[in-house]
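Enquirer: this is the structure alone, sequence omitted:
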């Protein structure tokens with residue numbers, strides 16, 4: 001069940017850094033999510049499109065839904081009508097599909113570009129060279145229904161907190177670099193999404209503006 005006291009504690013910690021708390025609802029039963037909503041949670045996230053759809057249908061419509069897991073282009077159409085932010089964009093093709101579907105619904109969808117900062121090869125994301133190649137692509141200027149608002153990354157699953165610090169520090173450096181270099185209609189650099197239940201404190205210390213916390217709250 002949702003732990004409202006823990007939520008208030010984490011929220012207070014996040015608020016000190018003027019960051020946002022995104023409650024990750026994956027694997028949790030609907031009743032727990034209803035309890036979270038009753039406790040004041042209005043920003044939730046899911047890893048998978050199917051789960052995101054089912055939660056969106058079952059829960060109050062004042063919740064801001066984020067997609068934080070890997071997104072396939074053929075599933076964008078299902079979430080385009082309502083998703084508030086897609087954290088896991090890692091290719092031009094995916095951006096083009098998001099733009100296409102957003103256009104159909106007369107929306108502009110905020111997106112974060114996912115960077116690969118961890119040791120695990122199983123994690124998705126761009127390296128710095130790929131990130132800059134994408135940002136320099138002239139096709140981006142034609143995408144009027146997406147807004148690139150920042151970067152996202154996941155640290156290595158490790159007990160070595162200094163390593164996690166280093167990975168988050170690197171991501172912040174990447175964020176500062178691209179924010180200073182790339183401007184235009186499609187860019188609105190304001191979010192750095194990093195930090196989860198086990199390391200959000202380190203992420204906040206390194207400049208995160210948005211932490212994704214789930215298991216710690218349930």
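Expert: Arrived safely. Everything numeric here is computed off the predicted structure, so don't read it as measured data. Numbers count the residues shown, from 1 in each chain.
Enquirer: what's the helix or strand for the residue nearest in space to the middle of the chain?
Expert: Residue closest to the mean C-alpha point of the chain, counted by Cα atoms, centre = their mean, is residue 87 at 3.2 Å. Using DSSP states H and E, residue 87 falls within strand 85-89.
Enquirer: what mean pLDDT does the first helix or strand past that strand going along the chain have?
Expert: Proceeding C-terminally, strand 85-89 gives way to helix 92-104 as the next helix or strand, assigned by DSSP H and E. In this model, helix 92-104 carries a mean pLDDT of 98.
Enquirer: in the protein, which spans are strands?
Expert: Taking DSSP state E as the criterion, the chain carries its strands at 20-24, 43-46, 64-67, 85-89, 109-115, 146-153, 187-193, 210-213.
Enquirer: switch those over to TSV; also include mean pLDDT and distance to residue 173.
Expert: Heads up, the C-betas are built off the backbone N, CA and C, glycines and all. Converted to TSV, those look like this (pLDDT from 0 to 100; distance: least, Cβ to Cβ, whole Å):
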stretch	mean pLDDT	distance to residue 173
strand 20-24	98	21
strand 43-46	98	25
strand 64-67	98	24
strand 85-89	98	19
strand 109-115	98	11
strand 146-153	98	11
strand 187-193	97	11
strand 210-213	98	17
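Enquirer: can you lay out these as a markdown table showing distance to residue 6?
Expert: Below are the strands of the chain laid out as a markdown table (distance: least, Cβ to Cβ, whole Å):
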| stretch | distance to residue 6 |
| --- | --- |
| strand 20-24 | 11 |
| strand 43-46 | 16 |
| strand 64-67 | 20 |
| strand 85-89 | 23 |
| strand 109-115 | 26 |
| strand 146-153 | 24 |
| strand 187-193 | 21 |
| strand 210-213 | 9 |
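Enquirer: out of those strands, the one nearest residue 176 is which?
Expert: Closest to residue 176 of those, according to Cβ to Cβ: strand 187-193, at 9.2 Å.
Enquirer: okay, buried residues for the closest one please.
Expert: Buried positions in strand 187-193, judged by neighbour count with 16 or more other Cβ atoms under 10 Å: 187, 189, 191-193.
Enquirer: what segments of the protein are helices?
Expert: Counting by DSSP state H, the chain forms helices over residues 4-16, 30-38, 49-58, 76-79, 92-104, 128-135, 161-181, 200-205, given from the N-terminal end onward.
Enquirer: from residue 11, how far off is the residue nearest to residue 204 when sequence neighbours are not counted?
Expert: Setting aside the residues directly before and after it, residue 204 is nearest to residue 17 in space (Cβ to Cβ, 6 or more residues apart in numbering), at 4.5 Å. Between residue 17 and residue 11 the distance, using Cβ to Cβ, to the nearest Å, works out to 11 Å.
Enquirer: do residue 195 as well
Expert: Here the distance between residue 195 and residue 11 works out to 14 Å (Cβ to Cβ).
Enquirer: quick one: which of the two has more around it?
Expert: The neighbour count for residue 195 versus residue 11, taken as other Cβ atoms under 10 Å, is higher for residue 195 (29 against 18).
Enquirer: and the closest residue to the more buried one other than its chain neighbours, how many neighbours?
Expert: Take residue 195 and drop its neighbours on the chain: the residue closest to it by Cβ to Cβ, 6+ apart is residue 203, 2.5 Å away. When neighbours are counted by other Cβ under 10 Å, residue 203 registers 29.
Enquirer: quick one: residues contacting residue 203.
Expert: By Cβ atoms under 8 Å, 6 or more residues apart in numbering, the contact set of residue 203 is 155, 168, 194-196, 211.
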